[in-house]
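Engineer: coords below, sequence missing:
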Ligand SMILES: Nc1ncnc2c1ncn2[C@@H]1O[C@H](COP(=O)(O)OP(=O)(O)OP(=O)(O)O)[C@@H](O)[C@H]1O
Ligand SMILES: Nc1ncnc2c1ncn2[C@@H]1O[C@H](COP(=O)(O)OP(=O)(O)OP(=O)(O)O)[C@@H](O)[C@H]1O
Ligand SMILES: [Mg+2]
Ligand SMILES: [Mg+2]
């Protein structure tokens, strides 16, 4: 479980998050929604230690994360699929995956095979440099690289960006499964509110850094005000 | 209160001269001793009341030997600094250092009628009285050195295969010309480039040595700077090749050449090589050597660490040599000093009371300076000794190499 | 400019692209004419971006040709594209991050006459005039898209939706006949999307539009024709309704949910 | 607007005071100090009047031309009062500034790192010397143009591989060229005179049309060589005017686009290869002009001058002055011309033994250190600090200007 | 056989290999820094030079050769690590000119400081191996105990580095840290440690090289000892590909041999000209080096 309390984050004088508090429960998907620049990415980056908050705390099962280094947070099993994919272009698909599996100290061979099974397209491309993958393939690789370490927390920043509808559905289903079976905590950031709300258990809506809603997903999905003013959904 | 035209740099009590020399930068180690030793002489003379009542003020400007570096502006630096000397109002430049550097300011000095005296280089460029009436060289030219080497080779190794390695500028071409003029035509002659030498850390020399070896040359003449001498000797050592080495005075200083070999468990490969000198060997018992030491010891500012037992290097004797030549000429010019008068004295007087072993005989048509010297042998990793004491003179043209009696260089009474 | 409507601007003729052993495009043919909006869709890795890249000259076709009927040439290099009347926006925003918005838009007019080396170096009156005209034009293009208020800002300082418009403004500076948009909808929220769609519809009067997009809610109402790629081959082509009901497309791409 | 004006006044005053202070530190005689101070103050004040932002916006080229003309004519007048040493220093620095502005363009604008501009300078320097030795009667302007062409050709030759190289490979290739250059010169010794270099054949006498302008017989020095300085200053002014045009023009923009985003630049119609090579050719031509002016000033050239160290020096002074800017090149030129004086001054002030090991290495330590510190604290050098300052004063929020536009300063 | 071994061709090849492994080692140390931090280190010659002075000269008074070598390498490690921490750390993600300038400045400072302390006079290093060529049937062939030592050292170092990068997880992490520090952090890689380690290793390799170079009695050890070698080393690295440890050594050796032949059969003043030519031609043909494989797509 991830608990965020009173979190304030700033870029210079500009506050990107102001007094944000919410909980992301284990075995559940928490969607973080909001318009462009609402602070969603900033939130994930702060959780994984890439950004130091001005105030507030983030805890993972009683461990305070805000003072920890990114790499140590990652080593606790908190996997972050960053915005814009973040695959290492000069590495082959397989090297990218190996890097993902490094800290988990798993049987590398077996875990690689597992991912190839889950995403056959990666298996076909295993010797190809990630630079040469299509946009969607990179997104899939990034996802597989996060999953390979069997994380306990998964931070997803717009995972459906650039994915075909079919594969989007497939990935969402995978996440939902993992969530249920592996005690996984998922925080899902999405631009596309409707598809996120479809699979999320819980939703947090941000507006220019402030939490404007923090409730069960279905409640948020029904709220006409939220839909119109904060989620940019056209009714 | 007189109508006599004023001579720049000359007052009733002082004469101001200057030089551009490498005080900082790559060429400064070693070479910076030259101008300091000269200054020590001037200080010594000044303490004795100066020359004809005038004290000598020696302004040194750093030109980093024309190599660019931080704070050094390369060749333009020599020009800049020379101009600084001009605007300081000097009588003449004395003992400025370097062939390309001094070449670059010949025109400037000449057009301002400033004598450019005793340029520190063995190039023939300084001997062009028609075009540059105020320009004078001092040391024996590379060309003359070559002729004297040739004389030695023909006498000692009449049938040997001779090979030649020289530097790719006038040092090499003049030296080679001298060798040929002296009657020795090398069967293989090579010119190395300083640029390649520097970039390849000396490795560019090795192929030449291999050629000399396969040519079966038993005598090899080197017109090389010390770094190139090292590279040559090293390459030969590696190949197990040991000809008779004959090395120009420029690149033969045993202390310098020995550096890279010092910790090898073998003797200095330069030992036994023949070289050339126009100044008394530091080991010789010579009146001037004692005087040199006295002068250097007296100058605590330029030589703070010089003691009664410190070695006197070739660079020091060099600086002392031309400084003495200058004060003697100045003395001979008399009380009234004009540039024309000074040059006239210089070209019509034979100065034999300098530390050099041959007289300094300038004429209106010859501005070369010293015209000979003697052969030396490297006897240890730090010393040379006269080969047989014979002194030769010659010219930079087709004149013969003549055996002369060494001037017993005596010290003028007023300098003692 | 409706007189140009229907005139073909781009034609791919049996284009194939191989990357090593991988066949990214296989015998692909389709075209775009002035005044129509064409969507290029297909699963990830189907070859859509590759098709774009072939058109733009970033990738050389292994077989087949890309024709540019307006200038009667084929297989151009990327920097010749704008002269062929084609402008492309990049995925994301693809703006020049160290240049102001105005300079970004002026960059779109880079190929206009009188801006060559001599005119620049010597500052001929002709060069000065051309530069002034370019600046004025850029301002009015920004104004046309309603974003002239950010002209002096750096791209990093403006909202994402605005930046997308700026990138379109830049594309318009070369007065293209065909606008190619690579995943224009990604990163826009739904209200921004509908604004963007309206803008594209507006542009259609003077040019053709070819776009790659995965967001079906955005694509379907917008386009008149869809080309569907799968494993490098065209598996369907037609109106949105036809494509939506095509079983192969549903199986490979849309999934049942649609 | 009021704010803007007052801030300009503050900057002008500060710059003038700094210029006066600097003049006294670096010039050998107080007379020169005064003259230089007056010159600097006039330039700064005149410049800031001319550069009034309205005028600049409406007629950038006119402003630029006026500024260049004014700066050159003020310096020309000043040269009549300076001592020959100062004149020569100024000319040496001005020729260096020409080289620097070329590198500023190449690296600062088009984003290609070159460690070989010292060698390009050498190309111009030797072209000048070789040509003069074969055709001693060619007018000086023509000889300078020939050197520029020679520089352009070599730049083209090296620029061609540059079209395919990125970052470190390019920097390394230019490094290899710079390291090899003296050896290349000595390899072609029949042309270049080998390690000894070349002399210009005739003494530095002004062409007859110029001679009339210079009164003989003041002091032998000024009449003899003043014209060298003045020609160099005029050439520098012209070179800077053109370069300022290039910085602000469409071609300059093309370079910045390429550096910023290659793919997008290509899509707006920029030919990447052409832009890259062009930047190289411009920069090497400028360097060649700088080198030719040096030869012209010194009457001689040697390969040793154009060794790798020179390229490093060039890079260093432009970094200290402000890479990617035009004033940075001028500042760099001055720094260069007076570096010897400054180092000597430091040596004297610190009481180091000037003959000692440490003093002789002081220049390396100071310049190397300065380079590191500049890059760490103010990567755009002195000029960059000035721009940042002005920028902060002039735009209280909102109206953000691109960093590149800031470099549109005039010669 | 004897005749062949002492022939001109064989001696050129052997001489070329001996020089070439040095170029290769310099290239290798450049590759190490490049691969682990994405910076081309222009002070790559000067830092090891400094370590060599400290280890071999300052400690040379007290210890024998091998102890001094170990000390020098340790000092090299320290210099490398310290440089990365202090000078390089602030430069990541900056425009490429910044590290170039800073390292050029550092190079200048190091050479000046070394000259200020030890003067520019060449120093001679002791070697446990004779630099004099072996003889076969009375004729020398271009191999000495020292050159064998040099070649073997180069091979050992190269193999170690290649294994590190190609087969170990550490190598994977080193490369990842250089290419994408932020992503690597997210995957739990201790990036700062990796960056420091890259510089540490590279300066270590550099120090081994500098010791070998300055044991060469042509020049001995001077503050500028690595300047020329650096240029050749860079050429080897660029020809072989800055990403390829094996490529750099192979390119170094090939270039060494070619240049040896040029020096012998053409003119040794042409060596640097030919080296430049090789560089330009090879970069024109393969801009990322002969051994590079990656060709990124751009859009
Ligand atoms: N590196 C940065 N420097 C300065 N401001 C930043 C930086 N990164 C983000 N911001 C600002 O912080 C705010 C929140 O940005 P963030 O990227 O977290 O939004 P987001 O909700 O993820 O948006 P999007 O949907 O576009 O990804 C925005 O106003 C943005 O401009
Ligand atoms: N330079 C290349 N080398 C090797 N394979 C490549 C290269 N470029 C693309 N590919 C492969 O070609 C296929 C088509 O790629 P492309 O980028 O065109 O797909 P796409 O349809 O745009 O997919 P997406 O929707 O995921 O962006 C992919 O499988 C990709 O891995
Ligand atoms: Mg985001
Ligand atoms: Mg794509």
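Structural biologist: That came in fine, so what should we check first? If you're wondering where the values come from, they're calculated on a predicted model, not measured in any experiment. Ligands and ions are numbered 1, 2, ... in the order given.

Engineer: contacts, neighbours, all on C-alpha from now
Structural biologist: Will do.

Engineer: Is stretch B:8-22 positioned near chain D?
Structural biologist: No: counting by CA under 8 Å from any CA of the partner chain, no contacts exist between stretch B:8-22 and chain D, the nearest distance being 9.5 Å.

Engineer: Pull up the distance across that stretch, start to finish.
Structural biologist: 25 Å (CA to CA, to the nearest Å).

Engineer: Skipping adjacent residues, who's closest to residue C:170 in space?
Structural biologist: Nearest in space to residue C:170, with sequence neighbours left out and distances taken as CA to CA, 6 or more residues apart in numbering or on different chains, is residue C:105 at 4.3 Å.

Engineer: what helix or strand does that neighbour sit in?
Structural biologist: Using DSSP states H and E, residue C:105 maps to helix C:101-107.

Engineer: Hmm, residue C:174 and the residue nearest to residue C:170 touching each other?
Structural biologist: No: judged on CA atoms under 8 Å, residue C:105 makes no contact with residue C:174 at a distance of 9.8 Å.

Engineer: neighbour-wise, which of the two wins?
Structural biologist: Set side by side, residue C:105 and residue C:174 show more neighbours around residue C:105, with 31 against 24, by other CA atoms under 10 Å in any protein chain shown.

Engineer: Could you measure from that one over to residue C:216?
Structural biologist: Residue C:105 sits 30 Å away from residue C:216, going by CA to CA.

Engineer: cool, and residue D:161?
Structural biologist: For residue D:161, the distance to residue C:216 - CA to CA - is 46 Å.

Engineer: And these two? Which one has more around it.
Structural biologist: Under the criterion of other CA under 10 Å, the comparison of residue D:161 against residue C:216 puts residue D:161 first, with 23 against 16.

Engineer: what's the spacing between the more buried one and residue D:169?
Structural biologist: For residue D:161, the distance to residue D:169 - CA to CA - is 10 Å.

Engineer: Which helix or strand contains the closest residue to ligand 2 within the stretch 151-300 of chain D?
Structural biologist: Residue nearest to ligand 2 within the stretch 151-300 of chain D: residue D:263 (15.0 Å; CA to the nearest ligand atom). Using DSSP H and E, residue D:263 sits in helix D:262-267.

Engineer: for residue D:286, same thing?
Structural biologist: Using DSSP H and E, the element containing residue D:286 is helix D:272-298.

Engineer: which of the residues in that helix are buried?
Structural biologist: Residues of helix D:272-298 classed as buried: D:272-273, D:275-298 (neighbour count, 16 or more other CA atoms under 10 Å in any protein chain shown).

Engineer: Just list what that helix packs against, helices and strands only.
Structural biologist: Packing partners of helix D:272-298 (3 or more CA pairs under 8 Å, 6 or more residues apart in numbering or on different chains; DSSP states H and E): helix B:74-88, helix D:84-103, helix D:117-134, helix D:140-162, helix D:220-248, helix D:250-260, helix D:262-267.

Engineer: right, and the helix or strand after it?
Structural biologist: Going down the chain from helix D:272-298, the next helix or strand is strand D:300-301, by DSSP H and E.

Engineer: Identify the residues contacting the helix or strand following that next one?
Structural biologist: Following the chain from strand D:300-301 toward its C-terminal end, the next helix or strand by DSSP H and E is helix D:308-321. Helix D:308-321 is touched from outside by B:68-70, D:99-100, D:103-104, D:115-119, D:175, D:178-179, D:181, D:327-333, D:335-336, D:367, D:370-371, D:374-375, D:379-383, E:101, E:104-105, with contacts defined as CA atoms under 8 Å, 6 or more residues apart in numbering or on different chains.

Engineer: got the angle between helix D:308-321 and helix D:117-134?
Structural biologist: Angle, helix D:308-321 to helix D:117-134, by axes from the mean of the first three to the mean of the last three CA atoms, to 10 degrees: 120 degrees.

Engineer: Now do the same for the most centrally placed residue in chain D: its pLDDT.
Structural biologist: Geometric centre of chain D, nearest residue: residue D:97, 1.3 Å, by CA atoms, centre = their mean. At residue D:97, the model reports a pLDDT of 96.

Engineer: Check the spacing between it and ligand 2 real quick.
Structural biologist: Per CA to the nearest ligand atom, to the nearest Å, residue D:97 is found 44 Å from ligand 2.

Engineer: The residue nearest to that residue when sequence neighbours are not counted: what's it in contact with?
Structural biologist: Excluding the flanking residues, the one nearest residue D:97 by CA to CA, 6+ apart is residue D:333, at 4.4 Å. Going by CA under 8 Å, 6+ apart, residue D:333 touches D:93-97, D:100, D:317.

Engineer: Helix, strand, or coil at residue D:333?
Structural biologist: Following DSSP: H, G, I helix; E, B strand; the rest coil, the label given to residue D:333 is helix.

Engineer: Give the other helices and strands that the top helix by length along chain E contacts.
Structural biologist: Counting by DSSP state H, the longest helix found in chain E is helix E:8-37. When contacts are defined as 3+ CA pairs under 8 Å, 6+ apart, helix E:8-37 packs onto strand E:139-144, helix E:145-167, helix E:169-179, helix E:191-214, helix E:227-240, helix E:245-261.

Engineer: right, so of these, which gets closest to residue E:67?
Structural biologist: In terms of CA to CA, the element of the helices and strands packed on helix E:8-37 nearest to residue E:67 is helix E:191-214, at 12.9 Å.

Engineer: residues near residue C:132, how many?
Structural biologist: Neighbourhood size, residue C:132 [other CA under 10 Å]: 13.

Engineer: correct me, but residue E:65 touches residue E:128?
Structural biologist: Yes: using CA under 8 Å, residue E:65 is in contact with residue E:128, at 7.3 Å.

Engineer: Next secondary structure element downstream of the longest helix of chain E?
Structural biologist: Proceeding N to C from helix E:8-37, the next assigned helix or strand is helix E:46-52, under DSSP H and E.

Engineer: After that following helix, which helix or strand is next?
Structural biologist: With elements assigned by DSSP H and E, the helix or strand that comes after helix E:46-52 is helix E:65-83.

Engineer: Which residues of chain A lie near chain E?
Structural biologist: With the criterion set to CA under 8 Å from any CA, chain A comes near chain E through A:48, A:50, A:70-75, A:79-80, A:82, A:86-90, A:95, A:99-100, A:102-103, A:129, A:131-132, A:146.

Engineer: Show me which residues of chain C are close to chain D?
Structural biologist: Residues of chain C lying near chain D by CA under 8 Å from any CA: C:56, C:78-83, C:87-88, C:90, C:94-100, C:107-111, C:115-117, C:120-123, C:131, C:152-154, C:171, C:174.

Engineer: Now intersect those residues with the helices, please.
Structural biologist: Residues of those located in helices (DSSP H): C:56, C:107, C:117, C:120-122, C:131, C:171.
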